[in-house]
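>>> Dropping the sequence and predicted coords here.
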Amino acid sequence: MAFKELYKYCQTLNPKVSTKDIKRKAIEITGAKNVREIVQGLDVTKIRGYFLSHDNRDSSIVKIYGCNVIVLARDMNDCWKRFVLTKELMHLFDKADVQTNTEVVFKDLLSEFEAPSPANQSLQFKSEIAGFWMAIACLCPEESRLDFIDQFGKGHIDHYGIALKLKIPEQYVRQLFRRDYKDIIDVLLS
Amino acid sequence: MMGTQVELAAKRLFDKDALNVKNIKFFPGTSRDTSAEEVAEQINKSLSQLEAGDFESVEID
């Protein structure tokens, strides 16, 4: 899987991991055309950002921004912008069957964000979840994660301190300590 | 049956003579109570701004 290559690359980096490096490598691995980051006045209570990939050459959006656009809400701090950007970059790795590419799956995906189903999660929704964990794995190399866990256990650092070193939202630091963290990463790499 | 904003966004994104989108993914906002209509409304506003060339290009690091 192509993500494995990005994951291995990120293991060679130290916090704070540069999102420019992640973006450059993701583009190199996937062969994607360039990705344009845009900041807009999105209502951050409703949506923090989104990834859009399209190829209608007659569209003004393609002419101005190219084929891949990531829109980020302006009212986020740098840690949030880094995290949302990285998560959305992970969708460059989306295979055809998980892409949101029809009206039907688009509407289904919106419904799942409203109220996730315990029965039939769509491939698109699963890809949203995978993107979240892929971003965490890229922004926190495993060696650093184990070091943070060790330092935390010794009482030398707290979640806020870890968030500052990684430059990620503090609320996601807790996820680095999950008992099933390695299982999750293994799924992403399989 | 989805609402007006969802229908509008779906047409703008997926009609062959519109954007003909290959993939769109989202990062949810801070409110868990956000409806599909509200997300679609944000997408529609954002697309209008993109089409109008109203943007601030950045490079996050």
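Perfect, I can see it now.
>>> For the rest of this, base every contact and every neighbour count on C-alpha atoms.
OK.
>>> contacting residues around the helix-or-strand element of chain A with minimal mean pLDDT?
Least confident helix or strand, chain A: helix A:60-65 with a mean of 79, by mean pLDDT, DSSP states H and E. Residues from elsewhere that reach helix A:60-65, judged by CA atoms under 8 Å, 6 or more residues apart in numbering or on different chains: A:36, A:54-57, B:50-51, B:53.
>>> Among these, which lie within strands?
Applying DSSP state E to the contacts of helix A:60-65, the entries found in strands are A:36, A:54.
>>> okay if I get the contacts of helix A:60-65 as JSON lines plus distance to residue A:122 and neighbour count?
JSON lines is the format used below for the contacts of helix A:60-65 (distance: CA to CA, whole Å; neighbours: other CA atoms under 10 Å in any protein chain shown):
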{"residue": "A:36", "distance to residue A:122": "27", "neighbour count": "18"}
{"residue": "A:54", "distance to residue A:122": "21", "neighbour count": "21"}
{"residue": "A:55", "distance to residue A:122": "24", "neighbour count": "16"}
{"residue": "A:56", "distance to residue A:122": "26", "neighbour count": "19"}
{"residue": "A:57", "distance to residue A:122": "29", "neighbour count": "13"}
{"residue": "B:50", "distance to residue A:122": "28", "neighbour count": "21"}
{"residue": "B:51", "distance to residue A:122": "30", "neighbour count": "17"}
{"residue": "B:53", "distance to residue A:122": "33", "neighbour count": "13"}
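>>> quick check, nearest of the contacts of helix A:60-65 to residue A:96?
The shortest approach to residue A:96 among the contacts of helix A:60-65 belongs to residue A:54, at 13.1 Å (CA to CA).
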